[in-house]
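Novice: sequence plus the predicted model coming up.
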Amino acid sequence: MSREETMEEMVARRNKWLLRFFTMHGYDVRIVGDAQKPAVVLNDMAVLSCYVKNFDLHFTKEPFSDEIVKSFKLKSEMEASKHELQEAIELSTHRPAYKIKLTSTDMFLVGYNYLNSEQSLGRYPVFAKYNPKVYFDKEYAVKLAESLKQEGYDISIN
């Protein structure tokens, strides 16, 4: 007996195919943000000018543009070549992504823990080598870095 797929299961399947599409062609990407409207981050350096709608991946000319330069149908077995994906990436202008680095280490801000998580009291940063938090707004990243510097952390923005 089969059952209907929930919206959450469908979105998870689509996002799995989205990740596979890039990784099968050798790209280091991760998706961040809202699972329904994920941002695709390449090499933790740039937010790709693309979006997914249903099972279609659309690359746009520039961030927040409506001008689609290339589209791909996301499937369990993708038919697009590495060359086609590379072309789509090159036809688009992408936004930089910013990371907060613990200076003199290879560790980045990955999140926060709390002394009392139930009341969100005593927040302190957590640093690690992998999956850094990425910020799309440089001003926000600078503001956050400055607040961490005031707490005594030796921080830089990458």
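Specialist: Cool, the structure landed. Residues are numbered from 1 along each chain as shown.
Novice: got the CA positions of stretch 114-133 in CSV?
Specialist: What follows is stretch 114-133, C-alpha atoms only, in CSV (Å, rounded to 0.1, in the frame of the first residue of the first chain):
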residue,chain,number,x,y,z
TYR,A,114,23.6,29.0,25.3
LEU,A,115,24.3,28.6,29.0
ASN,A,116,20.5,28.3,29.4
SER,A,117,19.0,27.4,26.1
GLU,A,118,15.4,27.4,27.3
GLN,A,119,15.6,31.1,28.1
SER,A,120,18.3,31.9,25.4
LEU,A,121,20.6,33.3,28.1
GLY,A,122,24.4,33.3,28.0
ARG,A,123,24.9,33.0,24.3
TYR,A,124,28.4,32.1,23.2
PRO,A,125,29.8,31.4,19.7
VAL,A,126,30.8,28.0,18.4
PHE,A,127,33.7,27.7,15.9
ALA,A,128,34.5,24.8,13.7
LYS,A,129,36.4,23.9,10.5
TYR,A,130,33.3,22.9,8.5
ASN,A,131,29.9,24.4,7.5
PRO,A,132,30.4,28.0,8.6
LYS,A,133,27.5,30.3,8.9
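Novice: identify all contacting residues around it.
Specialist: With Cβ atoms under 8 Å, 6 or more residues apart in numbering as the test, stretch 114-133 has contacts from 30, 44, 99-102, 105-113, 148, 153. C-beta coordinates here come from the backbone N, C-alpha and C atoms, glycine included.
Novice: now which of the residues you listed would you call buried?
Specialist: Buried members of these, counted by 16 or more other Cβ atoms under 10 Å: 30, 44, 99-102, 108-110, 148, 153.
Novice: save those residues as JSON lines, and put in distance to residue 14 too.
Specialist: Formatted as JSON lines, the buried ones among the contacts of stretch 114-133 follow (distance: Cβ to Cβ, whole Å):
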{"residue": "30", "distance to residue 14": "15"}
{"residue": "44", "distance to residue 14": "22"}
{"residue": "99", "distance to residue 14": "27"}
{"residue": "100", "distance to residue 14": "30"}
{"residue": "101", "distance to residue 14": "32"}
{"residue": "102", "distance to residue 14": "35"}
{"residue": "108", "distance to residue 14": "28"}
{"residue": "109", "distance to residue 14": "29"}
{"residue": "110", "distance to residue 14": "26"}
{"residue": "148", "distance to residue 14": "36"}
{"residue": "153", "distance to residue 14": "38"}
